[in-house]
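Chemist: give me a 3D structure for the following:
(one chain, ligands or ions: 1)
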Amino acid sequence: MEILPVLIQIDLITLISMEYKQKFKTELATLYRDGELDILFKLLIADLKKQEFNQVLTDGIALGADDEVLFYNAINQLKALKPIQHILGKTDFYGLQFWVSPQVLIPRPETEELVHLILSEQKNKTVNILDVGTGSGCIAISLKHHLPKADVSALDLSLDALAIAKKNAEKHKTNITFFNDDALNLAESSYPNYDVIVSNPPYIALKEKADMEDLVLNNEPHLALFVADHEALIFYDKISDFALSNLKTGGTLYFEINQNLAYETKGLIEQKGFEVALFKDLNDNFRMIKAQLRG
Ligand code: GLN
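Modeler: All right, here's what the predicted structure looks like:
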């Protein structure tokens, strides 16, 4: 006899969990794939429950009245094809959480690979680093977090981006010097010499727009994404010129690059006198460049 109430309780919990997950999936089934919906649901519940994504259980969920409002609100925003990172106002990058807004690029997994490459090569070194076009600050902050002895500076043209980057630096208690400056017009004498200069500049040519997802096109800053077709490598050109004068002897320049322009980008930087290596990302695309001045 004693077992009956327990069974009823389990059934109720299953029912509640089915309700939220089922509701979520039915409402959004025409817009997202099933696998995507599982991840979106888990991200949302992790946020509402203030739990880690990897630890949150998506079964047996009960939501309070306030959270239920947020839950339905999120469904509506997903219906309007808003990125989940904008709905939650944050995303994970290289194991840390970053605030994001429509004014900054949503940090990408490829960029985590760039950070990983730099960390693997610079670990235990006392280096000074400049991140050009920092956006949310994800590169600069991750580097400083893992290289606490490094002296890290970061710049961006967008004041809105810098405001987010500063908020992120405070969140992670990383002491970073921020500058408002234009990557295409850096005055060499205004900056010291660096051991490491890194940049994930805008690199998508306007003619590639047609191949891009609406989710990106409609929600992310075009300033951080696009370059004119006739000068698709302009940021690599200008930042490498800056590095010619502002890298220390033996210093290293790291870039995230457009996989469709990998050899052109490599050639451009080599012409300036750098030794250049291309690296692939996990999708097997040339995505990173490392450049050092020939001794
Ligand atoms: N990798 C980004 C994308 O494909 C672009 C990043 C950039 O332009 N720097 O959306």
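Chemist: and T58, what pLDDT?
Modeler: Looking at T58, its pLDDT stands at 83.
Chemist: which residues touch it?
Modeler: Residues counted as contacts of T58 (Cβ atoms under 8 Å, 6 or more residues apart in numbering) are 17, 21, 38, 41-42, 45. Heads up, the C-betas are built off the backbone N, CA and C, glycines and all.
Chemist: what does D160 give?
Modeler: Each residue near D160 by Cβ under 8 Å, 6+ apart is listed here: 101, 103-104.
Chemist: list buried residues within the contacts of T58.
Modeler: When the contacts of T58 are checked for burial by 16 or more other Cβ atoms under 10 Å, the buried set is 17, 21, 41-42, 45.
Chemist: my read: G273 touches L244, true?
Modeler: Yes - with contact defined as Cβ atoms under 8 Å, G273 reaches L244; the gap is 7.2 Å.
Chemist: pick out whichever of the two has more residues nearby.
Modeler: Between G273 and L244, L244 has the larger neighbour count (other Cβ atoms under 10 Å), namely 14 against 11.
Chemist: mind checking how far the nearest residue to that one once chain neighbours are set aside is from the ligand?
Modeler: Leaving aside its sequence neighbours, L244 sits nearest to K272 (Cβ to Cβ, 6 or more residues apart in numbering; 6.1 Å). Per Cβ to the nearest ligand atom, to the nearest Å, K272 is found 21 Å from the ligand.
Chemist: the spatially most central residue of the chain: helix or strand, and which one exactly?
Modeler: Centroid-nearest residue in the chain: P107, 0.9 Å away (criterion: Cα atoms, centre = their mean). Assessed by DSSP states H and E, P107 sits outside every helix and strand.
Chemist: and if you look at F235?
Modeler: Assigned by DSSP H and E, F235 falls in helix 234-246.
Chemist: up against the ligand, what does the stretch 51-200 of the chain have?
Modeler: 108, 110, 200 (Cβ under 6 Å from any ligand atom).
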